[in-house]
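Colleague: the following comprises the amino acid sequence and a computationally predicted model.
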Amino acid sequence: MTRRILTVDDQKLARDHLQQILEAEGYEVESAPDGDAALRMLREKTFQLVVTDLRMPDMSGLELLSTLRAERIPVGVIVLTAYGDASEALRTMKAGADDFLTKPCEPSHLCLVVKRTIERRRLFDELSQLRDQLRGSYSFHTIVSQSAKMRKVFDLIQHVGPLDSTVLIHGETGTGKELVAQALHAVNTRRKGLFVALNCAVLNDALLETELFGHERGAFTGAEARKIGRFEKASGGTLLLDEIGDVSPAMQVKLLRVLQTGTIERVGGTDPIKVDVRIIAATHKRLEDEVKAGRFRADLYYRLKVISIDLPPLRDRKEDVPLLAMHFVEKHVSAAAVPVAEIDSAAMQALVQYQWPGNVRELENAVKSAVALAEGAVIHRNDLPEIVAPRTISRQVGSNLIDIEARLPDLTDELIGQVEREYLERVLAEYNGNVARCARHSGLSRRSVSQKLQKYGLERASFKKRREE
């Protein structure tokens, strides 16, 4: 696969230098002398990566980056500058840069960052492909999935959906039981009729009875007019009885009678009313266990469970998390202050690793929140709810060690030291204990790095030994 990189710099010598380094690594490299020329090239052909200078006449690297993200051109961006500081780094990262390097940059480190960025962009490309397929093979009547377990559910819906049999859907809260019920309705001949849903768990018996069966005028205090219940509204269509496992024994008897006779009586009325309704029931409880415990009628259970569908929790189909996350970005981006187009690799990793006790509903709420909080075109780990992505004290911006005291003024000296030590350990491990390369990477002097090693009792040799092992 061709890996094409575009370098952008107003200095020809700098462009030629970058091209020489990157072509030696096997990349196909083209160059542009300014942001306008770069944009024309990026609109005409595909590049995996842009390496751009920050300060250029007419159009800066930051302006180029902002335009690329606004136009949603799928390309990684590394920003180079000789004037790097914390504010520059933060602005470029918030605008959607993949990395930020200070010139002069050591060739080996540049190549490492380029390789890492292209790998991250591969994930974004895969997600882009998933977005394109959301309405295709991975989407089934508004249900999004690529997991084998959910594909079996899709096949079952296609097979039993056209039937008028009663269906019992079991799944944890937030797994999408109502979406499955809607899909069953959509593939049935009743799809021209109404799909009516009622959550049985949120109503007491009196309210549930009048919601289901309706009432006549004067049936009780406050009944000033006749009310048509959900059974009558759904006649000719489908009625979803959600959380059927929470219905009281008294209401279970009344529902059983409707299933046996196909008729209802409004509260306060005496005339039976024929209803032609397909019943779908859903519950997060195991009704067979409720039957054994004496909390649910066995005869009603068997009436409902003509066909059963079990929905797996999201933690058992983690392969769906990236697909669903991007689906929810697309769904909620129109309400965002800044058009969000991507989820970075650290944020996506946090989403995949989280166990999602609230299932797909919790994932949607987390992504919706992140879309609203994102300050640029990319959702970062810290944009996610803390329960999903616990906060760490330190945050590396690009490949530069930002002055911790300036960035985190409220931390105690002890915490600042902890952050600084952890960062130095990571960089020393990456560079095999080489102080000079560590200093160049972090933007510090060799003397400063050596002083910090002494301060924290870090030995270069231990990192060299670790790397060799």
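Modeller: Arrived safely.
Colleague: list the buried residues for stretch 8-21?
Modeller: Of the residues in stretch 8-21, 8-10, 14-15, 18-19, 21 count as buried by neighbour count, 16 or more other Cβ atoms under 10 Å. For every residue, glycine as well, the C-beta is placed using N, CA and C.
Colleague: what lies in contact with that stretch?
Modeller: Residues outside stretch 8-21 that contact it (Cβ atoms under 8 Å, 6 or more residues apart in numbering) are 7, 29, 31-35, 37-38, 50-53, 56-57, 61, 64, 80, 107, 110-111.
Colleague: send the alpha carbons of it over as CSV?
Modeller: Presented in CSV, the C-alpha positions along stretch 8-21 are these (Å, rounded to 0.1, in the frame of the first residue of the first chain):
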residue,chain,number,x,y,z
VAL,A,8,4.4,22.1,3.5
ASP,A,9,7.0,24.8,4.1
ASP,A,10,7.8,28.1,2.6
GLN,A,11,11.6,27.3,2.8
LYS,A,12,12.7,25.0,-0.1
LEU,A,13,15.7,23.8,1.8
ALA,A,14,13.4,22.6,4.6
ARG,A,15,11.1,20.9,2.2
ASP,A,16,14.0,19.1,0.5
HIS,A,17,15.4,18.0,3.8
LEU,A,18,12.1,16.5,5.0
GLN,A,19,11.6,14.8,1.6
GLN,A,20,15.0,13.2,1.8
ILE,A,21,14.4,11.9,5.3
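Colleague: so that it lines up with my notes, have the first residue be 50 from now on.
Modeller: Done: numbering now begins at 50, and the last item shifts to stretch 57-70.
Colleague: so where's the stretch 50-199 of the chain uncertain?
Modeller: Within the stretch 50-199 of the chain, the stretches with pLDDT under 70 are 50-51, 132-136, 138, 172-188.
Colleague: now the strands for it?
Modeller: For the stretch 50-199 of the chain, applying DSSP state E, counting those that start in this stretch gives strands covering 53-57, 77-81, 98-102, 125-130, 148-151, 188-189, 192-193.
Colleague: select, out of those, the one closest to Ala347.
Modeller: With Cβ to Cβ as the criterion, Ala347 lies closest to strand 192-193 of the strands of the stretch 50-199 of the chain, at 31.2 Å.
Colleague: picking that back up, ok, so of the buried residues of stretch 57-70, who is nearest Tyr351?
Modeller: Tyr351 lies nearest to Val57 out of those, by Cβ to Cβ, at 69.7 Å.
Colleague: Leu217 - that's part of a strand, no?
Modeller: Yes. Assessed with DSSP: H, G, I helix; E, B strand; the rest coil, Leu217 lies in a strand.
Colleague: that one touches Arg352, doesn't it?
Modeller: No. Using Cβ atoms under 8 Å, Leu217 is not in contact with Arg352; the gap is 9.5 Å.
Colleague: between the two, which is the more surrounded one?
Modeller: Neighbours were tallied for Leu217 and for Arg352 using other Cβ atoms under 10 Å; the higher tally belongs to Leu217 (23 against 18).
Colleague: tally of neighbours for the nearest residue to Asn408 once chain neighbours are set aside?
Modeller: Once flanking residues are discounted, Asn408 sits nearest to Gly223: 3.4 Å by Cβ to Cβ, 6 or more residues apart in numbering. By other Cβ under 10 Å, the residues close to Gly223 number 20.
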